[in-house]
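*Asks:* here is the input, now give the coordinates:
(one chain, ligands or ions: 2)
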Amino acid sequence: MAEAKIDSLLAAHAKVTVIAPKARPRVADMAAAGEIEWLKREYAAGDLTAQFLVVAATDNPVVNRAIFKEATEKNILCNAVDDPPFCDFYFPSVVRRGDLQIAISTAGASPALAQRLRKEINAQLPLDVGDWLTDLGNLRREVTQIEPLNEERKWLLHQLAQREVCGYESCPSRLLAREHALKNPLPEKKS
Ligand SMILES: C[C@@]1(CC(=O)O)c2cc3[nH]c(cc4nc(cc5[nH]c(cc(n2)[C@H]1CCC(=O)O)[C@@](C)(CC(=O)O)[C@@H]5CCC(=O)O)C(CC(=O)O)=C4CCC(=O)O)c(CCC(=O)O)c3CC(=O)O
Ligand SMILES: NC(=O)C1=CN([C@@H]2O[C@H](COP(=O)(O)OP(=O)(O)OC[C@H]3O[C@@H](n4cnc5c(N)ncnc54)[C@H](O)[C@@H]3O)[C@@H](O)[C@H]2O)C=CC1
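*Replies:* Ligands and ions are numbered 1, 2, ... in the order given. Down below sits the predicted model:
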């Protein structure tokens, strides 16, 4: 269980510290490789200090609730696994393509449904949508640098979000952006 939570946290670029006397081989390997820190001991009151977020995932619900209590006192967000009343937030099911993330939550009503919808969306979403988003993001940065902030620019960005973008100079989306910039010059900067 904790293993899956570690994967989710690492996917979000978190710096992860595990406190547990024993760990599964994969978790021990991640610690040996320096991907996470592992303090090989039981949780002790006072362990939660500068953390932003805590997952209480021991196999002892009493310990998990004690962790939740300390986290609450210290204003640290906590998720006690399999104990929804002792969660400040729930882990969602996530579909990822590069910078695109689609998170599905049923607010605890049916994790199985969240998982099924993730699989359905994953099967429908093109594999290269993350690469396309990277190109679109680069083009948007170019547009926001050369176009004044107005309704026309907003229209253009909506148009570009519906088109394929490529790196070539002759790419229709790039040509559209350039044509638009010529018609909407930035106001002269006063020196
Ligand atoms: C409240 C929440 C707290 C939290 O963990 O944050 C929670 C709680 C509980 N889960 C339970 C069971 C299952 N959980 C899964 C799977 C996932 N559970 C996840 C999240 C959440 N689970 C949060 C709500 C999220 C939401 O509702 O949207 C996902 C989405 C994300 C993740 O875990 O990272 C991940 C799918 C990842 C993916 O594949 O995409 C499966 C499916 C399976 O394993 O095959 C089952 C069996 C089927 C079923 O029960 O539906 C039980 C009963 C335990 C028991 O019976 O003892 C409880 C406790 C209770 O409900 O009381
Ligand atoms: N919803 C789901 O689909 C699932 C839920 N679970 C639940 O998640 C919890 C954990 O399950 P697993 O990760 O499979 O068990 P696990 O046995 O792999 O992990 C439990 C960990 O807790 C540590 N631990 C025990 N007491 C501790 C303490 N006082 N301080 C610090 N660490 C302590 C152990 O050393 C071990 O590393 C259980 O409550 C289980 O019911 C587990 C699997 C699936």
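
*Asks:* need the contact list for the nearest residue to His180 once chain neighbours are set aside.
*Replies:* Nearest non-adjacent residue to His180, counting by C-beta to C-beta, 6 or more residues apart in numbering: Leu156, 5.0 Å away. Where C-beta positions appear, they are placed from N, C-alpha and C, glycine not excepted. Counting by C-beta atoms under 8 Å, 6 or more residues apart in numbering, Leu156 makes contact with 143, 147, 176-177, 180.

*Asks:* could you do Leu10 as well?
*Replies:* When contacts are counted by C-beta under 8 Å, 6+ apart, Leu10 touches 16, 35-36.

*Asks:* where's it, which helix or strand?
*Replies:* Counting by DSSP states H and E, the element that carries Leu10 is helix 2-11.

*Asks:* could you give me the average pLDDT of the longest helix along the chain?
*Replies:* With secondary structure taken from DSSP state H, the chain has its longest helix at helix 129-146. Over the span of helix 129-146, the pLDDT mean works out to 93.

*Asks:* remind me what it packs against, helices and strands.
*Replies:* Contact partners of helix 129-146 among helices and strands, from 3 or more C-beta pairs under 8 Å, 6 or more residues apart in numbering; DSSP states H and E: strand 93-97, strand 100-104, helix 151-160, helix 172-183.

*Asks:* residues of it that come out buried?
*Replies:* When burial is assessed from 16 or more other C-beta atoms under 10 Å, helix 129-146 yields the following buried residues: 132-133, 135-136, 139-140, 143, 146.

*Asks:* run the chain-centre distance for the one helix or strand in the chain whose mean pLDDT sits lowest.
*Replies:* Among the helical and strand segments of the chain, the one scoring lowest on mean pLDDT, DSSP states H and E is helix 172-183, with a mean of 87. The offset between the C-alpha centroid of helix 172-183 and the centroid of the whole chain comes to 32 Å, using C-alpha atoms, centre = their mean, to the nearest Å.

*Asks:* mind saving the C-alpha coords of that helix as PDB?
*Replies:* Presented in PDB, the C-alpha positions along helix 172-183 are these (Å, rounded to 0.1, in the frame of the first residue of the first chain):
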ATOM      1  CA  PRO A 172       0.200  26.200 -40.100                       C
ATOM      2  CA  SER A 173      -0.200  27.000 -36.400                       C
ATOM      3  CA  ARG A 174       3.000  29.000 -36.300                       C
ATOM      4  CA  LEU A 175       2.100  30.800 -39.500                       C
ATOM      5  CA  LEU A 176      -1.300  31.800 -37.900                       C
ATOM      6  CA  ALA A 177       0.500  33.000 -34.800                       C
ATOM      7  CA  ARG A 178       3.000  35.100 -36.800                       C
ATOM      8  CA  GLU A 179       0.300  36.600 -39.100                       C
ATOM      9  CA  HIS A 180      -1.600  37.600 -36.000                       C
ATOM     10  CA  ALA A 181       1.400  39.200 -34.400                       C
ATOM     11  CA  LEU A 182       2.000  41.300 -37.500                       C
ATOM     12  CA  LYS A 183      -1.600  42.600 -37.300                       C
END
